[in-house]
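Peer 1: with the input below, show me the fold.
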Amino acid sequence: MASSASSASSRRILLGFLAGFVAVLVCHQGMLAILVGLGVSPRTVFPYGATEPFGVPQIWSSAFWGGIWGMLFAGVEQSFPRGPMYWITWLLGGAFLVAGVAFFVVAPLQGNPVAAGGDPAAIVTGMMVNAAWGLGTAILLLSLDAWRRH
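Peer 2: Residues are numbered from 1 along each chain as shown. You can find the predicted model right below:
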């Protein structure tokens with residue numbers, strides 16, 4: 001019985017990776033395209049600049065890390081509240097947890113200013129694209145899970 005539960009948990013985490021990866025390409029970048037179109041953000045949609053140290057295009061690096069975050073969220077998602085708060089948890093998790101790590105951990109490690117140097121447009125952009133990622137990951141995770149069951 002424990003093997004079956006472990007297998008189900010492993011499948012859920014794998015689905016979390018897939019959902020988080022795709023959510024970067026569709027939801028995160030979709031929201032960024034909207035914000036760029038509105039003139040809120042000067043960032044580039046689907047950026048292909050090389051990342052350090054391996055030279056991977058930025059969009060694929062972002063999608064990979066979206067998948068890692070998707071795995072983490074999928075691992076704890078069963079403890080999320082149900083009903084409308086389920087969706088809000090994913091949305092806020094993206095907006096505050098994922099964006100917070102990007103602003104306060106990743107940016108300094110990459111030699112960039114903490115919290116985008118306090119630039120309000122960059123902060124709003126970061127929070128909104130990650131909120132869209134969170135909501136998209138939740139929708140994709142539930143959809144993939146339902147598809148897998150049928």
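
Peer 1: what's the burial count for Pro108?
Peer 2: Applying the criterion other C-beta atoms under 10 Å, we find 12 residues in the vicinity of Pro108. Placement of C-beta: from N, CA and C, glycine included.

Peer 1: repeat that for Leu18.
Peer 2: A total of 17 residues lie near Leu18 under the criterion other C-beta under 10 Å.

Peer 1: who's in contact with stretch 13-22?
Peer 2: If you take C-beta atoms under 8 Å, 6 or more residues apart in numbering as the criterion, stretch 13-22 is touched by 63-64, 66-75, 77, 133, 136-138, 140-141, 144-145, 148.

Peer 1: ok, of the residues you listed, which come out buried?
Peer 2: Burial of the contacts of stretch 13-22 was assessed by neighbour count (16 or more other C-beta atoms under 10 Å); the buried members are 63-64, 66-67, 69-74, 77, 133, 136-138, 140-141, 144.

Peer 1: still on that earlier bit, so of the contacts of stretch 13-22, which ones are in helices?
Peer 2: With helices identified by DSSP state H, the entries of these that belong to them are 63-64, 66-75, 133, 136-138, 140-141, 144-145, 148.

Peer 1: in the chain, where is pLDDT below threshold?
Peer 2: Along the chain, the parts satisfying pLDDT under 70 run over 1-5.

Peer 1: ok, Ile123 - contacts?
Peer 2: By C-beta under 8 Å, 6+ apart, the residues touching Ile123 are Phe103, Ala115, Ala116.

Peer 1: could you identify which of these has the most neighbours?
Peer 2: Among the contacts of Ile123, the one with the most neighbours (other C-beta under 10 Å) is Phe103, at 21 neighbours.

Peer 1: ok, that one - contacts?
Peer 2: Applying C-beta under 8 Å, 6+ apart, we find Phe103 in contact with Val114, Ala115, Ala116, Ile123, Gly126.
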